[in-house]
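A.B. asks: here is the input, now give the coordinates:
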Amino acid sequence: MLRSIFLKTLRDYRKSSIWWTIGILLMVVYIVALFPTIQTSMRGYAEMAEQFPEALKAAFGGEQGWDLFNPAGYLRTYAFSMMIPLLFLILAVGVGSNAIAGEEEKGTLDLLLSNPVPRWQVLVEKFGAMVAYTTALASVTWLSMYLMALTVGMDIGAGNLAAGVFSVTLLALTFGTLALAIGAASGNRGLSTGVAVSLGIAAYVLYTMSAVVKSMRDYRLLSPWYYYAGSDPLKNGLDLGHAAVLFGLIMAFFAAALFVFRRRDISV
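C.D. replies: Numbers count the residues shown, from 1 in each chain. Just a heads-up that it's a prediction; the model follows:
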């Protein structure tokens, strides 16, 4: 009898977690190691960058624009505006879409449900594994970035850096849980992945456009990216209100997944 769906799910990702960890470490080393060089040799670039279109500056710096010459602004521009959020969004969506829909497409979900385990428990443990896996790799990101920052003399507080990474994790889990819900409703991994990623990108475009087009300013509240980046957690720390909105979205998508999964006929 299957003892722990949670542990088995994490065990299934043990090989991919190694490659994700290596990729994250290489990315962190590359980004942070460039900071001293940019500070000392690219001062003239700041004046040129100010002439760039507002849409370009918003795409890489959000509402705050970009600032390559202080630690928080540099990390926001190079890492936390697009690269790290998209990586973690892809990670969480992949795990979320595979949780139910992936098992169903492989023909293993019926075997899983043949165990004396209720459907709600299967979904809860699959969701818990997604949260644990994403959080573990986020912790690797935070620790490696903080240690690397100390190595190169980048003055970024551990608390503010943790706030930035935690906000990224909430954003990723928002769309990962959405993928879980779509997969639980449809049993189609491709559909759940495609819809969740597409909505994540659309929400990003909405957020960046709202920083440029004044008439779209109010619509930024519809984008989860605003609640991730709008308060600039790397500079100002965690905004509890924004974090609560993302957490509420995660719980809403999880409740929807639980509702549809308990009532749907499973294809075998």
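
A.B. asks: quick one: which helix or strand includes the nearest residue to G94 once chain neighbours are set aside?
C.D. replies: Using Cβ to Cβ, 6 or more residues apart in numbering and skipping residues adjacent in sequence, the residue nearest G94 is T193, 6.9 Å away. Every C-beta, even on glycine, is put in place using the N, C-alpha and C of the backbone. In this structure, T193 sits in helix 189-210 according to DSSP states H and E.

A.B. asks: what packs against the following helix or strand past that helix?
C.D. replies: Reading on from helix 189-210 to the C-terminus, the next helix or strand found by DSSP H and E is helix 224-229. For helix 224-229, the packing partners by 3 or more Cβ pairs under 8 Å, 6 or more residues apart in numbering; DSSP states H and E come out as helix 83-97, helix 158-186, helix 189-210, helix 240-263.

A.B. asks: would you agree A158 is in contact with L143?
C.D. replies: No: using Cβ atoms under 8 Å as the test, A158 is too far from L143 to be in contact (9.4 Å).

A.B. asks: what's the distance between the residue sitting nearest the centre point of the chain and L26?
C.D. replies: Closest to where the C-alpha atoms of the chain average out (Cα atoms, centre = their mean) is A172, at 2.4 Å. Per Cβ to Cβ, to the nearest Å, A172 is found 19 Å from L26.

A.B. asks: same deal with G187?
C.D. replies: 36 Å.

A.B. asks: OK, contacts around the residue nearest to G94?
C.D. replies: Applying Cβ atoms under 8 Å, 6 or more residues apart in numbering, we find T193 in contact with V93, G94, S97, A179.
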